[in-house]
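Colleague: Dropping the sequence and predicted coords here.
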Amino acid sequence: MNLDEIDLGASLKKYFGFSQFKGLQEGVIENIVQGKNSFVIMPTGGGKSLCYQLPALMQEGTAIVVSPLIALMKNQVDAIRGISSEIGIAHVLNSSLTKTEIKQVKKDVSDGVTKLLYVAPESLTKEEYVDFLQGEKISFVAVDEAHCISEWGHDFRPEYRNLKSIVQRLGDGIPLIALTATATPKVQEDIIKNLGIGDAKVFKASFNRPNLYYEVRPKTQNVDADIIRFVKQNSGKSGIIYCLSRKRVEELAQVLQVNGVSAVPYHAGFDGKTRSKHQDMFLMEDVDVVVATIAFGMGIDKPDVRFVIHHDIPKSIESYYQETGRAGRDGGEGHCLAFYSYKDIEKLEKFMSGKPVAEQEIGNALLQEIVAYAETSMSRRKFILHYFGEEFDEVNGDGAEMDDNIRNPKEKQEAMDDVLKVIQVVVGTSEKFKSKEVVKALTGKINALISSHRTEEKNFFGIGKDRDKGYWMALIRQMLVAGLMKKEIEQYGILHVTPLGKEFLIKPTSFLMTMDHVYNKE
Ligand code: ADP
């Protein structure tokens, strides 16, 4: 399409009734209608869908939209059908269709009626569909939720790996557009490589959400009471509380109800009817709070969610960002409160222990990042944005003050000598021990493993007696985060000193340890 001949603004108005493009939309659409590849990285709510919907509606042929979520595809199809008198303008092609329905879809595509054809990646691998689509005019292929391509994303789907070869089979030079709300440099690299779109123009919006307030509190036995207090202080406001397990979801919802908070539980174990009922109650504001597993939230567009509480810390920063991102979508207040205990990290580690080594390695690296986030004393916003490859000025940046670490700076303590003690013990025990035994050796405690290595006879045995177990565990974690040590993957948990740690031993430098975390007494 020739850009000079089209009026994107008029089309936007005509099809969607909006008078202005949002963020980077216009640039993306221009790029697509010129037949070029695009890579769109925008946070949730940034308006990604319109980036492919509008050019699809404007252009000849059918745009294929690959998406992993059937429910979302259906929503989008309904929305598009709402702007046209032609039902066939958008279709979902998947295995649940009857023969007659498939026939109708094929007819609409062939007749040039269908502008948007939504397919799940596994459907696109079906020979029957590929054969059919090969003969049709395809305007472009949009790969939504493109992070599913990467094992480093939060939702890896192997079927996404085949997309490139399938698109190639559909015809020469079909433009590709990849879209994701996951911004880590590693995931981006995987997407570009896997789809073979090294030439794509990259459109990356800022991930900063200046209206969100980030806070982490230590998780103690009183976490339920802490949550009740918070919710009561915010009564009448909408909020989501995420828990890891279904059991906890139900318990906490009940505890809240008993305490006079209007709350409903939500998790994938409820039947479809109950789920939609509870979801609707939340959306329609019949209840203030939904207590949920991560099954809740995808595609939920409630603009005035005023808080998101994490009863359990999630497994990665991306998940945390996605889940907290559901707060304050209207630009108003959004309090993101996470309760953190290292015990929860150990639980998450355990979940992974049966998985393939490569997967564990990735999972543990992601966990290490969330530990670092929870325990950091730096600007949390800066931490998150740095993780997403974005610079942030923690003094003057937009939203800099919306952060517990900035409002109440944590106390830090010089721990150089203690770091040296840890390294000495790890090296002195020939890097055979996990944190637990290293801490025992430091504090001069014996167990079977310790004595089987005759560790109690070593001159460093008990050099850290002046501190308790919780202190040493925390220091070890902070050393892991700082890259002075790492955990072995094969026999997960065995501590090794990294080259950086060895350098520290030769030339010790200041190591500021964050102090106010309430350490778990195991
Ligand atoms: P994403 O897919 O990035 O999460 P969506 O495509 O769901 O975001 O868009 C988020 C919201 O923004 C939707 O309610 C959509 O209707 C709205 N929106 C998108 N583009 C515009 C625009 N140009 N003007 C106003 N609202 C828009």
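Modeller: Done, it's in.
Colleague: Strands along the stretch 301-450 of the chain, start to end?
Modeller: Here the stretch 301-450 of the chain has its strands, by DSSP state E, counting those that start in this stretch, at 305-310, 334-340, 412-414.
Colleague: Tabulate these in JSON lines, adding columns for mean pLDDT.
Modeller: Listed next are the strands of the stretch 301-450 of the chain as JSON lines, based on pLDDT from 0 to 100:
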{"stretch": "strand 305-310", "mean pLDDT": "98"}
{"stretch": "strand 334-340", "mean pLDDT": "97"}
{"stretch": "strand 412-414", "mean pLDDT": "91"}
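Colleague: what's the distance between residue 401 and residue 195?
Modeller: Residue 401 is 40 Å from residue 195, where distance means Cβ to Cβ, to the nearest Å. In this view, the C-beta of every residue, glycine as well, is placed from N, C-alpha and C.
Colleague: ok, now how distant is the residue nearest to residue 102 when sequence neighbours are not counted from the ligand?
Modeller: Nearest residue to residue 102, sequence neighbours excluded (Cβ to Cβ, 6 or more residues apart in numbering): residue 93, at 7.5 Å. Noted for residue 93: a distance of 20 Å to the ligand, by Cβ to the nearest ligand atom, to the nearest Å.
Colleague: out of the strands of the stretch 301-450 of the chain, nearest to the ligand?
Modeller: strand 305-310 (14.2 Å; Cβ to the nearest ligand atom).
Colleague: Which of the strands of the stretch 301-450 of the chain sits closest to residue 169?
Modeller: Across those, residue 169 has its closest neighbour in strand 305-310 (42.4 Å, Cβ to Cβ).
Colleague: Which part of the stretch 51-200 of the chain gets nearest to the ligand, residue-wise?
Modeller: Proximity of the stretch 51-200 of the chain to the ligand (Cβ to the nearest ligand atom) peaks at residue 181, 6.4 Å away.
Colleague: pretty sure residue 283 is touching residue 300, no?
Modeller: Yes - counting by Cβ atoms under 8 Å, residue 283 touches residue 300, with 7.3 Å between them.
Colleague: Just the terminal-to-terminal distance for stretch 79-98.
Modeller: End-to-end distance of stretch 79-98 (Cα to Cα, to the nearest Å): 22 Å.
Colleague: Mind listing what's buried along it?
Modeller: Neighbour counts over stretch 79-98 (16 or more other Cβ atoms under 10 Å) mark 80-81, 88-94 as buried.
Colleague: So which of these sit within helices?
Modeller: 80-81 (DSSP state H).
Colleague: what two of the buried residues of stretch 79-98 are the furthest from one another?
Modeller: Spatially, the most separated pair among these is 89 and 94, at 17.6 Å (Cβ to Cβ).
Colleague: count of neighbours near whichever residue of the stretch 201-350 of the chain sits closest to the ligand?
Modeller: For the stretch 201-350 of the chain and the ligand, the shortest gap (Cβ to the nearest ligand atom) falls at residue 301, measuring 5.8 Å. Using other Cβ atoms under 10 Å, the number of residues around residue 301 comes to 11.
Colleague: okay but it is in contact with residue 326, surely?
Modeller: No - with contact defined as Cβ under 8 Å, residue 301 does not count as touching residue 326 (9.0 Å).
Colleague: Just the pLDDT for the residue in the stretch 401-522 of the chain positioned nearest to the ligand.
Modeller: Closest contact between the stretch 401-522 of the chain and the ligand, by Cβ to the nearest ligand atom, is at residue 402 (21.6 Å). Listed pLDDT for residue 402 reads 96.
Colleague: The closest residue to the ligand within the stretch 351-500 of the chain: neighbour count?
Modeller: Nearest residue of the stretch 351-500 of the chain to the ligand: residue 388, at 15.1 Å (Cβ to the nearest ligand atom). Applying other Cβ under 10 Å, we find 22 residues neighbouring residue 388.
Colleague: how close does the residue of the chain most remote from its centre sit to residue 167?
Modeller: In the chain, residue 457 marks the outermost C-alpha relative to the chain mean, sitting 47.2 Å out by Cα atoms, centre = their mean. The gap separating residue 457 from residue 167 is 65 Å, by Cβ to Cβ.
Colleague: go on, residue 288?
Modeller: 45 Å.
Colleague: same question, residue 253
Modeller: With Cβ to Cβ as the criterion, residue 253 and residue 167 are 44 Å apart.
Colleague: Could you do residue 105 as well?
Modeller: 19 Å.
Colleague: go on, residue 80?
Modeller: From residue 80 to residue 167 the distance is 22 Å (Cβ to Cβ).
Colleague: Likewise for residue 60?
Modeller: For residue 60, the distance to residue 167 - Cβ to Cβ - is 18 Å.
Colleague: With residue 509 instead?
Modeller: 51 Å.
Colleague: just residue 274 next, same as before
Modeller: 39 Å.
Colleague: which residues make contact with stretch 63-70 from outside it?
Modeller: Residues from elsewhere that reach stretch 63-70 (Cβ atoms under 8 Å, 6 or more residues apart in numbering): 52, 55-56, 73, 76, 92, 94, 115-121, 124, 133, 138-145, 148, 155, 157, 160, 163, 170, 298-299.
Colleague: just the CA coordinates of that stretch, formatted as CSV?
Modeller: What follows is stretch 63-70, C-alpha atoms only, in CSV (Å, rounded to 0.1, in the frame of the first residue of the first chain):
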residue,chain,number,x,y,z
ALA,A,63,-4.4,-11.5,8.0
ILE,A,64,-3.6,-14.5,10.1
VAL,A,65,-3.3,-13.9,13.8
VAL,A,66,-1.6,-16.5,15.8
SER,A,67,-2.6,-16.5,19.5
PRO,A,68,-2.3,-19.1,22.2
LEU,A,69,-5.5,-18.2,24.0
ILE,A,70,-8.8,-19.4,22.6
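Colleague: Please name the residues that touch residue 8.
Modeller: Listed by Cβ under 8 Å, 6+ apart, the contact set of residue 8 reads 21, 26, 29-30, 33, 54.
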